[in-house]
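S.K.: Sequence plus predicted model, see below.
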Amino acid sequence: MLCPGAVNYIISVKNAVKSLRIICFLAVLPACALWADTGARAVDSAAAARASADEWHIISADSVRPFAELTPSLLDLSVHDTGFAPHGPEEPKSISEAELTRLRHNMNYTGASLSAVIPGSGQLYQGRYWMGLGFLAAEAGAVGFTAYWWDAAGTRKGTVRRWRDSAAVNMGRFDELGDSLYLRTAGAYGAAADQASFEERQARYTAYNAMAWAAGIYAYNLLDALEAGGLSPRGEYRSPTAAGLLAAVPFLGLGQIYNKRPGKAGMIAMTQTSLALTAINHHRLMTVASERYNTMRDPESDQYAYRTEYQPYWAARYDRSFSRRNTYLWISLATYIYSILDAVVDAHLSDYQHKIDIGTDLAVNPAGTGFMLALTYRF
């Protein structure tokens, strides 16, 4: 037989234990709700989750059951579409979804508009500082390179004109006086003019190449700003076969556009077009060098007497142009293959969030006997 004091003491201890359990529950509950809310998907009801998932792994929370029995009058708990949380007044929305979408579109087009004026400025506006500085430096370098070689081509063109005029003057004196010295002098000026003409052509083609890169960088920068601004949201299924076939069309980046990746399409188009143009220009230089070399070997040519001096020059120019043409062709082929593979892989991953769905649920047990923690995965 226990005395009344001992009975009161035992009751006090039991009440303290119950109060401690309630406090622990209230402390753990917000963390569990936050965990469930930040999972791969929002918490649904238990019945809907069992119907949509391929497999459930239920972990019974028997140790939590006493909390539900102890606090029915203290807590009003339910499962919402947005997560597991106590009932309470929702905070009023300060802005409507339509207004938020409109503001986002305005911000997106602002970034693209800035990039259209100054390459890289749109990326800086969007907070992608390294990308913005990279575009700005690349565009400035390409434009500067173009201006330098264009000016060099103009200077060399003036040299060619002077050599041609000197050759014409000596040829006229040969026709007038018949002195072979004027003929040999005209041949020397002609050979020097051909060499200067080749260097002028080489500078001009280099300016064309740099101009192509400048245009490609500008387009890439603009499309990248549009993509980063959310112009082409992803998530819909894309056919890998269609993406691969579209990417097989060179120079346009159609496979990437199909996958809603305009920024990557700009990169592909820039790289393929610029590399192909560079290879073509080196092929043209190789053709000119070959013609000049063969002219030097012709005994009927007025430059035949200077073959020993100029043939090594043309042979070296031919070999260099031939090597660079092939190098750029191989790189261009590699980027072409890459664009196809990238389009196919990107199409496979276009809806990966729907193909692979892993989430956690904290919900009331359907039997009403407590809570349950569920891990759902769907492939």
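M.R.: Thanks, I have the structure now. Residues are numbered from 1 along each chain as shown.
S.K.: And Ile340, how close does it get to Leu181?
M.R.: Going from Ile340 to Leu181 by CB to CB, to the nearest Å gives 63 Å. Bear in mind the C-beta positions are built from the backbone N, C-alpha and C, glycine included.
S.K.: Which residue ranges of the protein form strands?
M.R.: Remark: strands assigned in the chain by DSSP state E are 55-60, 77-80, 83-86, 357-364, 371-378.
S.K.: on that earlier part again, neighbour count for Ile340 and Leu181, which is higher?
M.R.: Ile340 (19 against 11; other CB atoms under 10 Å).
S.K.: If I follow the layout properly, the more buried one ends up in contact with Ala247?
M.R.: Yes. Counting by CB atoms under 8 Å, Ile340 does reach Ala247; the two are 4.5 Å apart.
S.K.: Find residues that contact each of these two.
M.R.: Common contact partners of Ile340 and Ala247 (CB atoms under 8 Å, 6 or more residues apart in numbering): Gly255.
S.K.: per-residue pLDDT, Ala138?
M.R.: Each residue has a pLDDT score; the one for Ala138 is 95.
S.K.: what does the one 3 residues further on give?
M.R.: At Gly141 the predicted local distance difference test score is 95.
S.K.: Asp342 and Lys264 touch, don't they?
M.R.: Yes. Under the criterion of CB under 8 Å, Asp342 makes contact with Lys264 at 7.1 Å.
S.K.: Need the residues touching each of these two.
M.R.: In contact with both Asp342 and Lys264: Gln256, using CB under 8 Å, 6+ apart.
S.K.: ok, now which ones touch the residue nearest to Tyr218 when sequence neighbours are not counted?
M.R.: Counting by CB to CB, 6 or more residues apart in numbering, Pro119 is the residue found nearest to Tyr218 once chain neighbours are left out, at 5.6 Å. For Pro119, the contact set (CB under 8 Å, 6+ apart) comprises 135-136, 138-139, 217-218, 221-222.
S.K.: quick one: pLDDT of Pro119?
M.R.: At Pro119, the pLDDT value in this model is 93.
S.K.: for Lys355, same thing?
M.R.: Note for Lys355: predicted pLDDT of 53.
S.K.: List the residues that contact Thr110.
M.R.: Counting by CB under 8 Å, 6+ apart, Thr110 touches 122, 125.
S.K.: Residue ranges in the chain under the pLDDT threshold?
M.R.: Low-confidence segments of the chain, defined by pLDDT under 70: 1-108, 233-234, 302, 352-379.
S.K.: burial of Val344, as a residue count?
M.R.: Val344 has 20 neighbours, counted by other CB under 10 Å.
S.K.: How much space separates it from Gly255?
M.R.: Separation of Val344 from Gly255 (CB to CB): 8 Å.
S.K.: Kindly report the same for Ala305.
M.R.: For Ala305 relative to Gly255 (CB to CB), the value is 57 Å.
S.K.: who are the neighbours in contact with Pro250?
M.R.: By CB under 8 Å, 6+ apart, the contact set of Pro250 is 272, 276, 336.
S.K.: which of these lies closest to Gly111?
M.R.: Gly111 lies nearest to Gln272 out of the contacts of Pro250, by CB to CB, at 25.7 Å.
S.K.: Now the nearest residue to that closest one once chain neighbours are set aside. Its backbone dihedrals?
M.R.: Counting by CB to CB, 6+ apart, Phe251 is the residue found nearest to Gln272 once chain neighbours are left out, at 5.1 Å. Note on Phe251: its backbone torsions stand at phi 70, psi -10 [degrees, to the nearest 10].
S.K.: what's Phe145 in contact with, if anything?
M.R.: Going by CB under 8 Å, 6+ apart, the list of residues near Phe145 reads 206-207, 210, 213.
S.K.: If you rank the residues you listed by neighbours, which is first?
M.R.: Scoring these on neighbours with other CB under 10 Å, the highest-scoring entry is Trp213 at 24 neighbours.
S.K.: Surely that residue touches Ser274?
M.R.: Yes. Using CB under 8 Å, Trp213 is in contact with Ser274, at 4.9 Å.
S.K.: okay, and the common contacts of these two?
M.R.: Contacts common to Trp213 and Ser274, judged by CB under 8 Å, 6+ apart, are absent.
S.K.: which parts of stretch 161-181 are buried?
M.R.: Going by neighbour count (16 or more other CB atoms under 10 Å), the buried part of stretch 161-181 is 163-164, 166-167, 170-171, 173-174.
S.K.: Turn these into JSON lines, including distance to Arg297.
M.R.: Compiled in JSON lines, those are given as follows (distance: CB to CB, whole Å):
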{"residue": "Trp163", "distance to Arg297": "21"}
{"residue": "Arg164", "distance to Arg297": "22"}
{"residue": "Ser166", "distance to Arg297": "24"}
{"residue": "Ala167", "distance to Arg297": "20"}
{"residue": "Asn170", "distance to Arg297": "23"}
{"residue": "Met171", "distance to Arg297": "21"}
{"residue": "Arg173", "distance to Arg297": "27"}
{"residue": "Phe174", "distance to Arg297": "23"}
